[in-house]
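Q: what shape does this take:
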Amino acid sequence: MLKLNNFLHKVINQTWGKIIHKKNNKNIQFELKRFLKSNSKFDINSPLVLIWELGGFPGILKKDAIISIALNSRGFRTHFIICDGLPEACIQRGLEFGDKVDDWHLQCYKCISDMVQVAKNYNIEFSFLSNYIDKRQREIFKTTVQDINILDIIKYKYLDVSVGEIAWSSLNRYLKGLVVDIHELNNEHESVFKKYLYAALINTYVANKTINLIKPISVFTSHGVYVDYAPPIFLAYKKRVKSLYWLSGYANFLHYYFTPKDFNKLKLRSINDQGWNKRKSTPLTFEENKLLDNYIYNRYFHNNARDVKIISKSENNNDLKMKLQIFNENPTVCLFTHVSWDATFFSFNTMIFDNANSWVIESINTMMTIKNVNWIIRIHPGELTGCSTKTTDDIIKEKFKKLPSHIKILWSNSHINAFDLFKLINSGITIYGTIGVELPLFGKPVIVAGDAPFSNKGFTIDAKTKDEYFDMLKKAAMIKPLDDNQINYARLYAYSYFIQKQVPLNVINKSQGHWGDIDLRQLNKLLPGKDYAMDKICDGIINGKDVVLE
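A: Predicted structure coming up:
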C-alpha cells in the first residue's frame, strides 16, 4: 500500500509539474506579447539583427530571445535561424551517450520541438536551415564529403571559411578526449569526422545565404565555435558585418560578449588591445581592489563559481607540504592541466604543442630530468563532470607507470583547494587557463605555453616555441616573483576580465538558475535606459564591439 501511495504521489507531482510548466509558458507568451505590443519600435523596414542559434539548447535560446526583445524595444527587428535537423552532426552529440550514428536523426525531433516551443513562448521571428538550401546543393556537399581524403579535411575551406578545422573541433568535442590526434582515428571516428564536415558545409552555406539575403546590420550568436556557431561569425567578419558572440561566465547569470578579432580565428574570453590599453592606464580604486579580492576568494570558498567543482576548507602551507610529501626547500612549480577536448584548443589559436595531451606528456618527460624543483601536476577538476571519455588522469597513468618523487600528481578528484596551491607554489604553468590571470595576483609568475588571451600583457612568461618553453622549465628554479609593477598589471587585467567583462543578464528568473526563463516582474529592464547591463549588451550587438562594464 505504501509503494502504491508513493507511486501515486510521484504521478500526481509529475502531472502537476507539467500543468504548472504549461501555465508558465502561457503566461510568458501572453505577457511578452502584451509587452511587445506596447513597447516594440520596429517594423518590416527596420535594421535587422540576425540571431543564429543552431545548438538545440532551449536555455541558450531563452537568453537570445530576452536580448531580442530588448533590441525590438530599441527599434531593431530580429530574425532567428534555428536548426531543423539538417546537419545531424552537432554539439548535442557525444561518444559518451553511446548513440548509433545512423540514429542521430531520430533525436532531432525532440530538439526541434523544444526549440520551437521556446520560440513561440518568446514570440520571436524565426526560420529553419532547410529554408535556405535545396536538395541539389546538399547532394553536392555529400559527394564532396564522400570523396575527400580524411587527412585533407583539416585544411579544407569553403567560402574561405576553415570548415575543416571547425569540423575537427566538433569531432574532438564529440570524442571527449578519447582521441586528439587525427592519425589515431578508427573507421567509425573517420565517418563521424566526415559527418561534422558535412554539417560545417551546410551551416556555412546557409549562413552565407542568409547574410546575403536579409542583409543584417549585425550577427549575434552564442559560443562562436564548432560547426553550430562558427560559420556565421567568420562570414560576418569576412563580409564586414558587425557581429557578437557570447559565452557563459564563471558564475551564474554572468556572460562574456565578444567580437571576432580576425578571420578564421577566435580568442575566447579575450580583451582586445583597445580595451586593455584603456584599462591599464586607469588605476584601480580601493573599492575595486577589494571587489577583485573578494571575487577571487569567493570563487574557491563560497561555491559561487560555475567552473570550480570542488570546494574544500583552507589549509596552510605546512599542512599542504605534508599532504604532498614535500620535505625539501626546493622551489615548487605547478602545471595546471586543461580539459583536452575543450573548445579553447580547437578555436584557431596559436599553440606551440599539437594538443593539450602532448603538452602534458612532453612537460612531464622534461620535468623528470629537472630534480631541483618540486613539480606538481594539477589535473583539471572539470574532468570529473565534463563527460570525458579519456581524461588527463588516464593519459598520465597510461604513459607513466612510475614517476620520480619530485613530481606529484593531484588527480582530478583531489580535494586540495587551488586557492591554497596559489599560496604554496612559486610559479605556475598553463596554456589558456584562468590560472594565468589568477596566480599573478599572488605575485607568482606563470609560464604560458602558447598565445593565450592574457599573454604579452606584462605579467606572464610567454613561450613562443617549444625550445623556449623547455628552456623555461629548465630554469624554473630561478624564476623570480613578480615585481609591484607586474602585479599591478595583473590586477588591472583580472579586474577587467572577471569584473568588467562578466556581464549580468538581470531579467532571468534566478529561482530557476542560470538557464531560467525571463522574470516577468522585471520586463521594464528590457527598455532603453532601464538596465545598464542590457543597454551595454544591445550597444555591443548593434555596434559590433566587446561588452565591457565601465
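
Q: now the helix or strand containing residue 146: buried residues?
A: Assigned by DSSP states H and E, residue 146 belongs to helix 135-147. Within helix 135-147, the residues that count as buried by 16 or more other CB atoms under 10 Å are 138, 141, 145. (Glycine included, C-beta is placed from N, CA and C.)

Q: ok, those vs residue 412, which is closest?
A: residue 145 (36.1 Å; CB to CB).

Q: the host helix or strand of residue 37 - what's its average pLDDT?
A: In this assignment (DSSP H and E), residue 37 forms part of helix 2-39. Helix 2-39 carries an average pLDDT of 65.

Q: for residue 76, grab the count of nearby residues.
A: Residues within reach of residue 76, counting by other CB atoms under 10 Å, total 22.

Q: which residues does it contact?
A: 42, 46-49, 217, 542 (CB atoms under 8 Å, 6 or more residues apart in numbering).

Q: repeat for residue 161
A: 200, 204, 230-231, 234-235, 238, 264.

Q: swap the cut-off to 7 Å and go again
A: Applying CB atoms under 7 Å, 6 or more residues apart in numbering to residue 161 gives the contacts 204, 231, 234-235, 264.

Q: looking at the residues you listed, which are in helices?
A: Mapping these onto helices (DSSP state H) picks out 204, 231, 234-235.

Q: low pLDDT regions in the stretch 351-500 of the chain?
A: 386 (pLDDT under 70).

Q: where do the strands sit along it?
A: Ranges of strands within the stretch 351-500 of the chain are 374-378, 407-410, 427-430, 446-448, 461-462, based on DSSP state E, counting those that start in this stretch.

Q: okay, the ones you listed in TSV with mean neighbour count and distance to residue 114 next?
A: Listed next are the strands of the stretch 351-500 of the chain as TSV, based on neighbours: other CB atoms under 10 Å; distance: least, CB to CB, whole Å:
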stretch	mean neighbour count	distance to residue 114
strand 374-378	24	38
strand 407-410	19	39
strand 427-430	27	37
strand 446-448	26	40
strand 461-462	19	44
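
Q: in JSON lines: these, plus distance to residue 497.
A: Shown next, in JSON lines, are the strands of the stretch 351-500 of the chain (distance: least, CB to CB, whole Å):
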{"stretch": "strand 374-378", "distance to residue 497": "21"}
{"stretch": "strand 407-410", "distance to residue 497": "25"}
{"stretch": "strand 427-430", "distance to residue 497": "14"}
{"stretch": "strand 446-448", "distance to residue 497": "14"}
{"stretch": "strand 461-462", "distance to residue 497": "17"}
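
Q: just to revisit the earlier point, any of the contacts of residue 76 buried? List them.
A: 42, 46, 48-49, 217, 542.

Q: right, and the strands of the stretch 351-500 of the chain - which one's nearest residue 226?
A: Across the strands of the stretch 351-500 of the chain, closest to residue 226 is strand 427-430 (CB to CB), at 22.9 Å.

Q: list of residues touching that closest one?
A: With contact meaning CB under 7 Å, 6+ apart, strand 427-430 is reached by 333-336, 435-436, 439, 444-449, 476, 479.

Q: for the stretch 351-500 of the chain, what spans make up the helices?
A: 356-367, 382-385, 392-399, 418-424, 435-438, 466-474, 484-494 (DSSP state H, counting those that start in this stretch).

Q: quick check: which of those helices is buried the most?
A: helix 435-438 (a mean of 25; mean count of other CB atoms under 10 Å).

Q: what's that one packed up against?
A: strand 446-448, helix 484-494 (3 or more CB pairs under 7 Å, 6 or more residues apart in numbering; DSSP states H and E).

Q: want to try CSV for these, with distance to residue 517 as columns?
A: Compiled in CSV, the helices and strands packed on helix 435-438 are given as follows (distance: least, CB to CB, whole Å):
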stretch, distance to residue 517
strand 446-448, 40
helix 484-494, 33
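
Q: still on that earlier bit, from the contacts of residue 76, which ones fall inside helices?
A: Going by DSSP H, the helices hold residue 542 from the contacts of residue 76.

Q: once you drop chain neighbours, what's closest to residue 353?
A: The shortest distance from residue 353 to any non-neighbouring residue, by CB to CB, 6 or more residues apart in numbering, is to residue 359 (4.1 Å).

Q: cool, residue 172 as well?
A: residue 341 (4.7 Å).

Q: how many residues are close by the one you found?
A: So residue 341, with other CB under 10 Å, has 27 neighbours.

Q: that one: what secondary structure?
A: coil (DSSP: H, G, I helix; E, B strand; the rest coil).

Q: that one is in contact with residue 174, isn't it?
A: No - between residue 341 and residue 174 there is no contact under CB atoms under 7 Å: 8.5 Å.

Q: residue contacts, residue 466?
A: residue 352.

Q: measure it to residue 400 for me?
A: 20 Å (CB to CB, to the nearest Å).

Q: repeat for residue 528
A: 59 Å.

Q: next, count neighbours for residue 301.
A: Residues near residue 301, counting by other CB under 10 Å: 17.
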